[in-house]
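Q: Got a predicted model here, sequence first, then my questions.
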Amino acid sequence: MLFGVFDGHGGWACAQAVSERLLYYIAIAMMSKQSLEELERCMEHGRPVPPILQWYKHHADFNYRESASLYIDHLRVFWQELLDSEEHEEGMCPPDALHHAFKRLDADISLEAQVPLSNDLMKSTAIQVAFAGCTACVAHVGTDGIHIANAGDCRAVLGVQEEDGSWRALPLSQDHNSQNQAEVKRITAEHPPSERDTVVTDDRLLGVLMPLRAFGDVRFKWSRELQQSILNSLESGVDLDSLNLYQYTPPNYLTPPYLDVAPEITYHKLRPQDRFLILGTDGLWDELRSEEAVRLVGEHLSGVHLQAPVSPSERQLKLGQMHELLQKRRARASPPLDTNAATHLIRHALGTGEYGELCQERLASMLALPEDLARMYRDDVSATVVYLNSDLARPHHN
């Protein structure tokens, strides 16, 4: 099974396109040559194509319907190239498929913004998708283990239940931002020594972009000349007002590309104590530590709220401090309002009060902020919680 979270920046266009397309690219990369041949025969003879994926999504979810034919055409080119490859017989293994799919989709997004398209709406959409950006964290969950492919500052965290019933957070991904020194060194090493102090400045790529890996964001990938050529070639029918954001070139833009989408891929072999996986965008982790998120989901799953014994130092607390401690403990024992664990997480991320209690007034205020003010107080938040069947991780005996 495939799961993912996608976080857009510079508009929603890139995140929308990636969320619709990336899992198809991964599935195609993992399919055998025999299955791809069947897809191609159906396309050639105008027969219905067998479903590549079975989606679990809301019936009202938005889709780029006008660009669907373009997306299918490029997906078909991808599988045709795999069919021409002598090495693609049984399909790629999950890590190779994840890496190849991320890179190929980003290349297609870049190409679609450069080639002539059939109408102005498709051209405008392709330009907006390419110039906006999107981080992504995708999990492939098999019977034996989990592969995580991460590009950007989304995060995957495993919820592990210890023998005493307590919960532990096990990170399965690394954030690709300026707090990750290995990531900063990687990017800096790709450019001349003279740019050492400008590639990452003010904790941002070229002083502008927070994530250090992403889809789209061709402002950080294309040459200045290509960017200007594409924008100058737009026909009058394209909505130029919606593209004003992209007329800006980052400072010290000397040796592009500065950004890549190559995902960092990790593997974790499943164990019986591995109970669930949390995939969240950076807006969730801005508000909750990984350990806190795992505790919230774990207690939501089990219905048991573990309280640590009163420590010797806590026994010496003054009356006011003891009141605060009791308030925090009471907040932890409050029954959840949501049956959905991801909703439960987001509610606590945005609505937690001073003592860790759920404050409905704070939650209402955070959700009611006008769009132009909301970004000053909170980021957008997306979260997916995947419950793991522990029976699959137990050793089987004949």
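A: Everything's here; your move.

Q: can I assume Glu90 is in contact with Ser35?
A: No: with contacts counted by Cβ atoms under 8 Å, Glu90 stays clear of Ser35, the gap being 10.0 Å. Every residue, glycine included, has its C-beta placed from N, CA and C.

Q: And the two? Which one has more around it.
A: When Glu90 and Ser35 are compared for neighbours, Ser35 comes out ahead with 17 against 11, by other Cβ atoms under 10 Å.

Q: in the protein, which helix or strand is least confident?
A: Of all helical and strand segments in the chain, the minimum by mean pLDDT, DSSP states H and E falls on helix 319-332, at a mean of 62.

Q: Can you point out the buried residues in the next helix or strand after that helix?
A: Sequence-wise, the next helix or strand downstream of helix 319-332 (DSSP states H and E) is helix 341-351. Using 16 or more other Cβ atoms under 10 Å as the test for burial, helix 341-351 gives 341-342, 344-351.

Q: with these in mind, which one is nearest to Ala97?
A: Of all those, Ala342 has the smallest distance to Ala97: 25.8 Å, by Cβ to Cβ.

Q: how about a markdown table for the buried residues of helix 341-351, with pLDDT added?
A: A markdown table is the format used below for the buried residues of helix 341-351 (pLDDT from 0 to 100):
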| residue | pLDDT |
| --- | --- |
| Ala341 | 93 |
| Ala342 | 94 |
| His344 | 92 |
| Leu345 | 93 |
| Ile346 | 92 |
| Arg347 | 91 |
| His348 | 89 |
| Ala349 | 89 |
| Leu350 | 88 |
| Gly351 | 81 |
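
Q: which residues touch stretch 271-278?
A: The contact list for stretch 271-278 (Cβ atoms under 8 Å, 6 or more residues apart in numbering) reads 3, 139, 141, 146, 156-163, 170, 172, 268, 293-294, 297-298, 301, 341, 345, 383-388, 390, 393-394.

Q: Now the buried members of those residues.
A: 3, 139, 141, 146, 156-161, 172, 268, 293-294, 297-298, 301, 341, 345, 383-386, 388, 393.

Q: So which of the residues you listed sit within strands?
A: Cross-referencing the buried ones among the contacts of stretch 271-278 against strands under DSSP state E gives 3, 139, 141, 146, 156-161, 268, 383-386.

Q: now the helices for the stretch 201-350 of the chain?
A: 224-232, 282-287, 290-302, 319-332, 341-351 (DSSP state H, counting those that start in this stretch).

Q: Sorry, slip of the keys, the one I care about is the stretch 51-200 of the chain.
A: Here the stretch 51-200 of the chain has its helices, by DSSP H, counting those that start in this stretch, at 68-84, 94-112, 120-131, 181-189.

Q: At the geometric centre of this structure, which residue do we find?
A: A centroid search over the chain (Cα atoms, centre = their mean) returns Ala136, at 2.8 Å, as the residue closest to the centre.

Q: List the contacts of it.
A: Contact analysis of Ala136 by Cβ under 8 Å, 6+ apart lists 4-7, 18, 22, 102, 149-152, 154, 215, 263.

Q: thinking again about what came up before, possible to save the helices of the stretch 201-350 of the chain as CSV with distance to Pro116?
A: Formatted as CSV, these follow (distance: least, Cβ to Cβ, whole Å):
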stretch, distance to Pro116
helix 224-232, 12
helix 282-287, 36
helix 290-302, 46
helix 319-332, 59
helix 341-351, 42
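
Q: of those helices, which approaches Asn177 most closely?
A: helix 282-287 (8.1 Å).

Q: List the buried residues of the closest one.
A: So for helix 282-287, counting by 16+ other Cβ under 10 Å, buried means 282-285, 287.

Q: For those, which two are the farthest from each other?
A: Going by Cβ to Cβ, the pair spanning the buried residues of helix 282-287 furthest: Asp282 and Glu287, at 9.9 Å.

Q: Check the secondary structure at Gly8 for me.
A: Put simply, Gly8 is strand when judged by DSSP: H, G, I helix; E, B strand; the rest coil.

Q: got a list of what the nearest residue to it once chain neighbours are set aside touches?
A: Leaving aside its sequence neighbours, Gly8 sits nearest to Ala15 (Cβ to Cβ, 6 or more residues apart in numbering; 3.0 Å). Contact analysis of Ala15 by Cβ under 8 Å, 6+ apart lists 6-8, 132, 134.

Q: Now flag whichever of these is closest to Val49.
A: Within the contacts of Ala15, the smallest distance to Val49 is 24.4 Å, found for Phe6 (Cβ to Cβ).

Q: Low-confidence stretches in the stretch 151-300 of the chain?
A: For the stretch 151-300 of the chain, the stretches flagged by pLDDT under 70 are 235-247.

Q: try it again with 50
A: By pLDDT under 50, the stretch 151-300 of the chain contains no weakly predicted segment.

Q: Leu75 and Ser32, how far apart?
A: From Leu75 over to Ser32 the distance is 17 Å, taken as Cβ to Cβ, to the nearest Å.

Q: So these two - more neighbours on which side?
A: Legend: neighbour count by other Cβ under 10 Å for Leu75 and Ser32, higher for Leu75 (20 against 13).

Q: contacting residues for that one?
A: Leu75 touches 21, 24-25, 28, counting by Cβ under 8 Å, 6+ apart.

Q: I am finished for the moment; much appreciated.
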